[in-house]
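Engineer: Mind looking at a prediction? Sequence and model below.
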Amino acid sequence: MNVSELFDVAGFGTIVTGGASGLGLAYGEALAAAGARVTLIDLDSGAVEAQALRLQAEGLDVRGAVADVTDHAALDRAIDEAAAHYGRLDVAFANAGIDPGVGFVGAWAGGERPRVEEGALELYSDERWNRVIDINLNGIFATARAAARHMRPRRFGRIIVTTSLAATKVEPVIGAAYMTAKAGARHLMHTVALELAAYGITVNAIAPGFFITNIGGGHAHNPDVQTAVAKDIPMHRVGWPDDIKGLALFLASPASEYITGQEIVIDGGWGLGVAD
Ligand SMILES: NC(=O)c1ccc[n+]([C@@H]2O[C@H](COP(=O)([O-])OP(=O)(O)OC[C@H]3O[C@@H](n4cnc5c(N)ncnc54)[C@H](O)[C@@H]3O)[C@@H](O)[C@H]2O)c1
């Protein structure tokens with residue numbers, strides 16, 4: 001075995017949904033820096049174009065495509081076009097997701113976590129519920145389905161789903177639809193992993209803790225929120241998109257060849273509890 005080739009993704013055809021910002025952008029940057037060919041798919045046309053141009057200027061093989069993951073026909077088209085462009089689809093990150101809005105308490109951390117009436121179950125609107133499920137769960141299904149159409153005939157592929165620590169640990173500051181969608185996405189990942197294992201396709205999930213991205217209007221950029229959350233995280237710091245790149249490359253690369261159906265939590269120990 002040539003160990004130096006374990007993380008070699010050179011030439012891999014790769015798509016990332018939600019690739020214009022935050023964790024999806026970090027996945028794309030990591031894969032492209034390692035020599036993969038990457039299509040960032042996002043509904044934000046301005047951002048996806050700007051990021052693709054920025055990365056092209058760095059000499060990376062990155063293109064942008066515009067699609068909303070709730071428009072399954074448009075998503076299929078974007079993924080089909082990427083696969084045709086590369087002549088192969090090796091890696092698909094099913095990542096696009098949104099914040100669900102207010103939960104039933106009003107603070108991320110600390111002793112003072114007052115209840116928020118607006119976030120109460122009785123007032124949870126169908127519209128808010130359905131939108132989160134449509135993007136954060138149905139969008140993952142549609143992305144995995146479109147990817148499998150290209151991967152199964154080649155008997156090779158890597159499907160990597162972004163779930164969340166909130167798939168396991170209920171976080172009451174986050175609206176309930178988010179936890180539900182992420183837990184559903186994790187079990188969908190198990191199902192698809194079982195179905196596709198015999199075809200050389202691995203399906204795994206990355207479950208991030210608290211990362212500084214633009215989700216939810218970028219509330220995580222607030223230094224007071226970061227300080228409060230970091231206090232509860234055993235490593236005493238929040239996560240940054242760069243922190244996720246090694247795991248993304250690992251799950252996309254030959255190094256993870258024999259791992260499928262797993263969710264890997266990356267959270268600085270946050271899910272373990274509060275230490276000091
Ligand atoms: N940031 C965190 O702390 C954290 C923690 C756990 C899980 N996650 C998950 O990580 C994933 C990425 O989120 P992020 O934090 O990088 O957020 P982000 O807002 O920085 O990036 C998300 C990207 O997805 C795009 N997007 C949103 N809805 C879309 C749709 N319908 N179709 C196509 N693209 C769409 C946005 O335009 C944006 O570019 C999400 O699934 C999120 O739930 C984030």
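Structural biologist: Arrived safely. Numbers count the residues shown, from 1 in each chain.

Engineer: For the lengthiest strand in the chain, the averaged confidence score.
Structural biologist: Longest strand of the chain, by residue count under DSSP state E: strand 201-208. With pLDDT averaged residue by residue, strand 201-208 scores 99.

Engineer: list the buried ones in that strand?
Structural biologist: The neighbour-count check on strand 201-208 (16 or more other CB atoms under 10 Å) flags 201-208 as buried. Bear in mind the C-beta positions are built from the backbone N, C-alpha and C, glycine included.

Engineer: so where do the strands sit in the stretch 101-250 of the chain?
Structural biologist: Assigned by DSSP state E, counting those that start in this stretch, the stretch 101-250 of the chain shows strands spanning 157-162, 201-208.

Engineer: Please produce CSV containing those strands, extended by distance to residue 103.
Structural biologist: Written out in CSV, the entries for the strands of the stretch 101-250 of the chain read as follows (distance: least, CB to CB, whole Å):
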stretch, distance to residue 103
strand 157-162, 20
strand 201-208, 18
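
Engineer: Out of those strands, which gets nearest to residue 222?
Structural biologist: Taking CB to CB, strand 201-208 is the member of the strands of the stretch 101-250 of the chain nearest to residue 222, at 18.0 Å.

Engineer: who does that closest one touch, helix- and strand-wise?
Structural biologist: Helices and strands touching strand 201-208, by 3 or more CB pairs under 8 Å, 6 or more residues apart in numbering; DSSP states H and E, are helix 139-154, strand 157-162, helix 176-196, helix 245-252, strand 263-266.

Engineer: Can you name the residues of the stretch 101-250 of the chain sitting close to the ligand?
Structural biologist: Proximity of the stretch 101-250 of the chain to the ligand is confined to 135, 162, 164, 208, 210-211, 213-215 under the rule CB under 6 Å from any ligand atom.

Engineer: Need the contact partners of stretch 129-149.
Structural biologist: Judged by CB atoms under 8 Å, 6 or more residues apart in numbering, the contacts made with stretch 129-149 from elsewhere in the structure are 15, 17, 69-70, 72, 75-76, 79-80, 89, 92, 94, 96-98, 100, 157, 159, 161, 175, 177-178, 180-182, 184-185, 188-189, 192, 196, 201, 203.

Engineer: got it, and stretch 265-273?
Structural biologist: For stretch 265-273, with CB under 8 Å, 6+ apart as the criterion, the contacting residues are 165, 168-169, 206-210, 232-239, 243-244, 247, 275.
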